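[1] Need coordinates for the following:
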Amino acid sequence: MDPFANFEIDIQSFDIQRTVSVYPDKDGIVWWTKAWFNGKKKGERAVEINRQLAIKFIHDIIEKDEWLEEFFPRQMEVLHAALAQTRDQVISQLRQSFI
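    Numbering: from 1, shown residues only. Now for the predicted structure:
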């Protein structure tokens, strides 16, 4: 039996920085969302959104990670893979220290 099979790690200690914003065009008609991952200066390509969604995000009705999953799914897939890899590495290091 693997003692680390259900081992939980506070993954926030290894979290990958992600920032997201919403903003309108100069006339306030078209709204956009943009995201930055891992502290990169150049963010992801902006995605057009509707005003109602922007307002929900601004008022914290939609959580940041839920928003990112919806509008930046490929980047979030990479983020989840990186966190899973980090978890596996930490568990592997713990196993080695117990051998």
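[2] can you point me to the longest helix in this protein?
    Taking DSSP state H as the criterion, the chain has its longest helix at helix 73-98.
[3] okay, now residue 91: neighbour count?
    If you count neighbours by other C-beta atoms under 10 Å, residue 91 ends up with 15. All C-beta spots, glycine's among them, are computed from the backbone N, C-alpha and C.
[4] Give the helix, strand or coil label for residue 33.
    Of the three states, residue 33 takes strand according to DSSP: H, G, I helix; E, B strand; the rest coil.
[5] so what's it up against?
    Shown here is residue 33, whose contacts under the criterion C-beta atoms under 8 Å, 6 or more residues apart in numbering are 20-22, 46-47, 49, 54, 57, 67, 71.
[6] repeat that with 6 Å
    Counting by C-beta atoms under 6 Å, 6 or more residues apart in numbering, residue 33 touches 22, 47, 49, 71.
[7] Would you mind measuring from it to residue 62?
    Note on residue 33: its distance to residue 62, by C-beta to C-beta, to the nearest Å, is 11 Å.
[8] go on, residue 49?
    To residue 62, residue 49 is 11 Å away according to C-beta to C-beta.
[9] out of these two, which sits in the busier spot?
    Set side by side, residue 49 and residue 62 show more neighbours around residue 49, with 19 against 15, by other C-beta under 10 Å.
[10] how near is the more buried one to residue 89?
    The value you get for residue 49 to residue 89, if C-beta to C-beta is used, is 36 Å.
[11] Kindly report the same for residue 80.
    The value you get for residue 80 to residue 89, if C-beta to C-beta is used, is 15 Å.
[12] Ramachandran coordinates for the closest residue to residue 56 other than its chain neighbours?
    Once its chain neighbours are removed from consideration, residue 56 has its nearest residue in residue 62; the separation is 4.9 Å (C-beta to C-beta, 6 or more residues apart in numbering). The main-chain torsion angles of residue 62 are listed as degrees, to the nearest 10 and equal phi -110, psi 130.
[13] In terms of pLDDT, where does residue 62 sit?
    On pLDDT, residue 62 comes in at 95.
[14] Also the one 5 residues further on?
    According to the predicted model, the pLDDT of residue 67 comes to 97.
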